[in-house]
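>>> Quick check, what structure comes out for this input:
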Amino acid sequence: MSVNLYSYGIHRNISAGELFFYVALDQTRKELGMDDLAAAAAILLGQNNVPVAGKLAGAVAGTSVVSMAARRLLPFNVAVRLPTIVRAGAGGLRIAMTRSLGAFVGRTIPVVGTVMLGRDAFLIMQNTISTYNRLAKAEDRVL
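Residues are numbered from 1 along each chain as shown. Sure, this is the predicted structure:
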């Protein structure tokens, strides 16, 4: 472990670990914006927490607010069956096919939100490491 001390913004005499932490906070602040709010909203509105009666055994319980809205706004059927993710988690991925355009859109919106947040997390870490390595002395650099 090095004894090099750094300055970053208003912070003085900080260790290499603290420098990395402050750079990560700064990069997170720079990256997060309105698109992240939209991504978080897409994920939250896509949660299947609205109870629905009459589902068959083996079906995923509940539906989402965004799925209900999409089914009302897009009450069309398409000629081909479209794949949708109905459950994803530690238990694996469950795909269901649908011809309903509204169901497809409603089930796709939270996936798009998750991809957007994943992209942001990747960019934050990439920019953090790049900025940190520019500021740190050779023996303190990462990757």
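>>> What's the first helix or strand after the helix or strand that D26 is a member of?
Counting by DSSP states H and E, the element that carries D26 is helix 16-31. Following the chain from helix 16-31 toward its C-terminal end, the next helix or strand by DSSP H and E is helix 34-45.
>>> Quick one: mean pLDDT for that next one?
Helix 34-45 carries an average pLDDT of 88.
>>> and what of stretch 94-109?
Per-residue scores along stretch 94-109 average to 94.
>>> Name the nearest residue to the residue nearest the centre of the chain, ignoring sequence neighbours.
Among the residues of the chain, the one closest to the centroid is L117, at 2.7 Å (Cα atoms, centre = their mean). If the residues on either side of it in the chain are set aside, L117 comes closest to A39, at 4.8 Å by Cβ to Cβ, 6 or more residues apart in numbering. Just so you know, the C-beta spots here come from the backbone N, C-alpha and C atoms, and that holds for glycine as well.
>>> where are the low-confidence patches of this structure?
Applying pLDDT under 70 to the predicted model, the residue ranges of the chain that meet it are 1-2.
>>> And the next helix or strand past the longest strand along the chain?
Using DSSP state E to assign secondary structure, the strand with the most residues in the chain is strand 77-89. Past strand 77-89, heading to the C-terminal end, the next element that is a helix or strand (DSSP H and E) is strand 92-100.
>>> to the chain's geometric centre, what's the distance from that next one?
A distance of 20 Å separates the C-alpha centroid of strand 92-100 from that of its chain, computed with Cα atoms, centre = their mean, to the nearest Å.
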